[in-house]
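Trainee: The following comprises the amino acid sequence and a computationally predicted model.
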Amino acid sequence: MNGRVTLLGAGPGDPELLTLIGKRRLSEANIVLYDRLIDPSLLAFTNDNSELIDVGKMPLHHKVKQSKINEMLVEYARQGKKVVRLKAGDPYVFGRGGEEAQVLQQANVDFEVIPGITSAIAGLAAAGIPITHRDFASSFHVITGHHKKDGQQLDWENIAHQEGTLVFLMGMAQLPNICRQLVINGKAAKTPVAIIQWATQWRQKMVIGDLENINSLVEQNHLSSPALIVVGEVVKLSPQLNISRPLDGIHLLVPFSKKQRLFSNLEDLGATADFYQRSLIKPLEQVLPNLDKYDAIIVDDMNAYHQFINLLLQDGNDLRRLVNKEIVAGNKQVARQLKKVGILASLELPIDSPSQKILEIGASEPIKGYGDFLQLYKKESRNLSLPFDLREFNGVIFPSTMSVKDFLDSLNEEQRSQLSGLKAFVMGEKVYQAAKQGDFSQIIRCPTNIKETIVRIKEEFIHG
């Protein structure tokens, strides 16, 4: 039985630049073979049972040889697996995607290619450089900076006389030679040049010069691979078109969620947000007690509420079964979420109701602890390590006490030693108490409301 291989372009780095179909393929995959330069947050889009395999290549060192990667793609597909080969940028832009596709075709393996946004275009846009412009360049040329295996040189005379924008990928090791060859073959020494490192990511850096001085500027500003080399008059537009946003350069960790409201708000302000994984929610098969005996129902969280509604429906009932019962929210956040589904919940227990008249629904332990408790789901750790160096982050956001536990449980010993460099933004007093388990540099109290928390984060990094 044959499976399917998807050669999937991850884009230049920002997780939101992944295509919609790419995100869907990641969620369907049994096996994901991923490269070094992809943003690890993209792996959060995989399903809970996916096997994730790092086959990343570093300069002058291949973690897994290309021939072995080819074998793995074929073998997994022949086992009936849905395989995603997740590659930085676009699979067919200097990414060996064409070679992999040939191997799959020759092995009679079902495959597809899903394009990714190439850094050759998106990386320039992220630095305010349009790759074409009516006044400066009507064409562009994307060139690999690597030497060919047989030692054959690029056709420098042809390249140097091209009218349009020149973009060199994987060329930083050859930057002095690239500049020299362009000038020798006819390009003006004062032709503008931009070097863009880690384009679209929080650590994006850029220097602008010309063919004559760009090497010294790169050395002075400590730029290195991975970086784009852009040669042409369009580079002059960067000071005008390179827009800035309030949280540019700020790198934050946020909990993964399907709605991604925290993530989206931060990204819109210019921050780069990456995900830490949450526990798995496992609904429990329960039988509802006789609801007639209860005057009030305490809802600890929305996971419990949704499972409760499912059980009601299985019994042939709906929300009308709760008529004349007081609905109490476990906290303000739950109260707001219940309001969105049409329930105005109280935050206080009914004063005159005895405990035997109150039912609390939730996870492993009750929040209020008053009355009968019905456990409707449990949380299970994913046993996934956090794929980041925490020294690269400015802070982490915790919307709940469980998110603190999920985060701390995912850390290895080295990452725990790095917590002292992180600010923890906690949404609520109970979350503040939970965060004290970590050695954060600072624990910053925030409202339980996402919009107000974003305001607090802006204040910390802009005015703090």
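Mentor: Okay, I see it. Numbers count the residues shown, from 1 in each chain.
Trainee: Helix or strand: which one has the closest residue to residue 98 other than its chain neighbours?
Mentor: Taking Cβ to Cβ, 6 or more residues apart in numbering as the measure, residue 98 lies nearest to residue 92, with 5.8 Å between them; neighbours along the chain are not counted. (Each C-beta comes from the backbone N, C-alpha and C, glycine too.) Using DSSP states H and E, residue 92 falls within no helix or strand.
Trainee: so how far is residue 247 from the closest residue to residue 436 other than its chain neighbours?
Mentor: What sits nearest to residue 436 in space, not counting adjacent residues and going by Cβ to Cβ, 6+ apart, is residue 443, at 7.0 Å. Taken as Cβ to Cβ, to the nearest Å, the spacing of residue 443 relative to residue 247 amounts to 20 Å.
Trainee: So which of those two has more stuff around it?
Mentor: Applying other Cβ atoms under 10 Å to residue 443 and residue 247 shows that residue 247 carries more neighbours, namely 24 against 18.
Trainee: Now for the residue nearest to residue 98: which residues touch it?
Mentor: For residue 92, the contacting residues are 98, 113, 115, taking Cβ atoms under 8 Å, 6 or more residues apart in numbering as the criterion.
Trainee: I figured the last one was touching residue 89, is that so?
Mentor: No. Distance between residue 115 and residue 89: 9.7 Å, which falls outside the contact criterion (Cβ atoms under 8 Å).
Trainee: So those two - more neighbours on which side?
Mentor: Set residue 115 next to residue 89 and count neighbours by other Cβ under 10 Å: residue 89 wins out with 28 against 18.
Trainee: Next up, the contacts around residue 303.
Mentor: Residue 303 makes contact with 281, 363, 376, 377, according to Cβ under 8 Å, 6+ apart.
Trainee: Hmm, residue 308 is touching residue 376, no?
Mentor: Yes. Under the criterion of Cβ under 8 Å, residue 308 is in contact with residue 376, at a separation of 6.1 Å.
Trainee: Now do the shared contacts for the two.
Mentor: With Cβ under 8 Å, 6+ apart as the test, residue 308 and residue 376 both reach residue 361.
Trainee: quick one, which of those two is more surrounded?
Mentor: Remark: of residue 308 and residue 376, residue 376 carries more neighbours, 23 against 20, as counted by other Cβ under 10 Å.
Trainee: Quick check: the residue nearest to the more buried one when sequence neighbours are not counted vs residue 242, distance?
Mentor: Nearest in space to residue 376, with sequence neighbours left out and distances taken as Cβ to Cβ, 6+ apart, is residue 307 at 4.1 Å. Distance from residue 307 to residue 242, counting by Cβ to Cβ: 49 Å.
Trainee: okay, the two: which has more neighbours?
Mentor: Per other Cβ under 10 Å, whichever of residue 307 and residue 242 has more neighbours is residue 307, with 22 against 14.
Trainee: Quick one, grab the pLDDT at the more buried one.
Mentor: The score at residue 307 is 95. That number is its pLDDT.
Trainee: How about residue 280: which residues does it bridge to?
Mentor: Assessed by DSSP bridges, residue 280 has beta-bridge partners residue 380.
Trainee: residues contacting it?
Mentor: Each residue near residue 280 by Cβ under 8 Å, 6+ apart is listed here: 48, 379, 380, 381, 382.
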